[in-house]
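Novice: pasting the sequence and the predicted coordinates here, then a few questions.
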Amino acid sequence: MKAILILAATLLTTNAFAGGYNEYVEFSYSVTAHSESAVLEKVKQTIPKIISGEAKSHLQKRCWPNNDRTITVKSVDMKKYFSVDSNNNLSPVFLARIDYSHSNCRRQ
């Protein structure tokens, strides 16, 4: 009887970990500002937060641990857009997208 309980417990724990944390997933995080220098400063402040897991994509729920061994920043892409205010004036808005990957995510 004891052997059957041990065997059952072993099978249950094996099934619980069968989905393992080993999937490589890519994410992005965006920051905006009204000048190019301001958005670059935000990017410089955000990259260490992404690597530590403090700032992350809302899709990054099944990834753990969040550290420099599992998170790699791939690229930063910056675009300039224009917003129109109530007086029909154009004002520039800079958007920077930080692409990064996490190498230890649970399969969906």
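Specialist: Looks like it arrived, so ask away.
Novice: by contact count, what packs against the longest strand along the chain?
Specialist: Longest strand of the chain, by residue count under DSSP state E: strand 90-106. Applying 3 or more CB pairs under 8 Å, 6 or more residues apart in numbering; DSSP states H and E, we find strand 90-106 packed against strand 21-33, helix 36-52, strand 71-84. Just so you know, the C-beta spots here come from the backbone N, C-alpha and C atoms, and that holds for glycine as well.
Novice: angle of the last one against strand 21-33?
Specialist: In this case it means strand 71-84. Orientation of strand 71-84 against strand 21-33 (axes from the mean of the first three to the mean of the last three CA atoms, to 10 degrees) gives an angle of 30 degrees.
Novice: the longest one too?
Specialist: Here helix 36-52 points in a direction 160 degrees away from that of strand 21-33 (the same axes, to 10 degrees).
Novice: in helix 36-52, what counts as buried?
Specialist: Across helix 36-52, burial judged by 16 or more other CB atoms under 10 Å covers 39, 40, 42, 43, 46, 47, 50, 51.
Novice: now swap in the first one and tell me
Specialist: By neighbour count on 16+ other CB under 10 Å, the buried set for strand 21-33 is 21, 25, 27, 29, 31, 33.
Novice: mind giving me the packing neighbours of it?
Specialist: helix 36-52, strand 90-106.
Novice: where does the chain have low pLDDT?
Specialist: 1-21, 108 (pLDDT under 70).
Novice: how about a cut-off of 80?
Specialist: Where the chain drops to pLDDT under 80, the residues are 1-22, 107-108.
Novice: dihedrals phi and psi, residue 56?
Specialist: Note on residue 56: its backbone torsions stand at phi -150, psi 160 [degrees, to the nearest 10].
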